[in-house]
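In: sequence and predicted structure below; questions after.
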Amino acid sequence: MELRTGIGYDIHRLVEGRRLVLGGVEIPYIMGLLGHSDGDALLHAVSDAILGALSAGDIGEHFPDSDPQFHGVDSARLLEKVRSIMEERGFSINNLDTIIYAEQPKFLPFKKQIQGSLSHILGIGPERVSVKAKTNEGLGEIGAGEAIACHAVVTLTK
Ligand code: MG
């Protein structure tokens, strides 16, 4: 059996006039994440973790933000594409662990829904998907409520 581990990170600025979508779930909030796509930092971090485990580059290479076809794109479509790259290479996900760093809104009420969404997009059981959320203790841009960041670590098997 072959084992691969990958790590992904992303941060997006919170601005007014945008929907807040994280992990493929729309979260009710007064601001949303700025980005060329829907700004879903969690799905971007997960996509990069899988690509990293495959040594297959990063989402910036696969889905360049200079390309108009990715303008406003649902990041779940990008992650589905990454999943197909993984499956073409014969790998499957053993488990995924994630962290959301956000001062506001509070993600505790949405963790189960985000876990279900990740599990659905990736085609794996929810018991293989972990979603953790924490504040940044008021520090820096995240602590000031100006941004949300996410980390993801994934283990693949073949
Ligand atoms: Mg991003």
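Out: Okay, I see it.

In: whichever residue of the chain sits closest to the ion: what secondary structure?
Out: Of all residues in the chain, His44 sits closest to the ion, at 3.6 Å by C-beta to the ion. For glycine as for every other residue, the C-beta is placed from the backbone atoms N, C-alpha and C. Of the three states, His44 takes helix under DSSP: H, G, I helix; E, B strand; the rest coil.

In: so what pLDDT did the residue nearest to it when sequence neighbours are not counted get?
Out: Nearest residue to His44, sequence neighbours excluded (C-beta to C-beta, 6 or more residues apart in numbering): Asp10, at 4.1 Å. For Asp10, the model assigns a pLDDT of 98.

In: cool, Ala53 as well?
Out: If you check Ala53, the pLDDT there is 98.

In: coming back round to it: buried residues in the strand or helix carrying the residue nearest to His44, which are they?
Out: Assigned by DSSP states H and E, Asp10 belongs to strand 3-16. Within strand 3-16, the residues scored as buried using 16 or more other C-beta atoms under 10 Å are 4, 6, 8, 10, 12-14.

In: quick check: next helix or strand after it?
Out: Downstream of strand 3-16, the first helix or strand assigned by DSSP H and E is strand 20-22.

In: just checking, what packs against the helix or strand hosting Glu26?
Out: Using DSSP H and E, the element containing Glu26 is strand 25-27. Other helices and strands packing on strand 25-27, by 3 or more C-beta pairs under 8 Å, 6 or more residues apart in numbering; DSSP states H and E, are strand 20-22, helix 111-122.

In: do that again at 7 Å, thanks
Out: Applying 3 or more C-beta pairs under 7 Å, 6 or more residues apart in numbering; DSSP states H and E, one finds that strand 25-27 contacts helix 111-122.

In: so what's Lys106 closest to, chain neighbours aside?
Out: Per C-beta to C-beta, 6+ apart, closest to Lys106 is Ala133, 7.7 Å.

In: spell out which parts of this protein neighbour the ion.
Out: Taking C-beta under 5 Å from the ion as the measure of proximity, the chain contacts the ion at 10, 44.

In: mind redoing it with 8 Å?
Out: Within the chain, the positions near the ion by C-beta under 8 Å from the ion are 10-12, 35, 37, 39-41, 44-45, 59, 75.

In: what element comes up after the helix or strand bottoming out on mean pLDDT in the chain heading to the C-terminus?
Out: Every helix and strand of the chain was ranked by mean pLDDT, DSSP states H and E. The lowest is helix 59-62, at a mean of 94. Counting by DSSP H and E, the next helix or strand C-terminal to helix 59-62 is helix 75-88.
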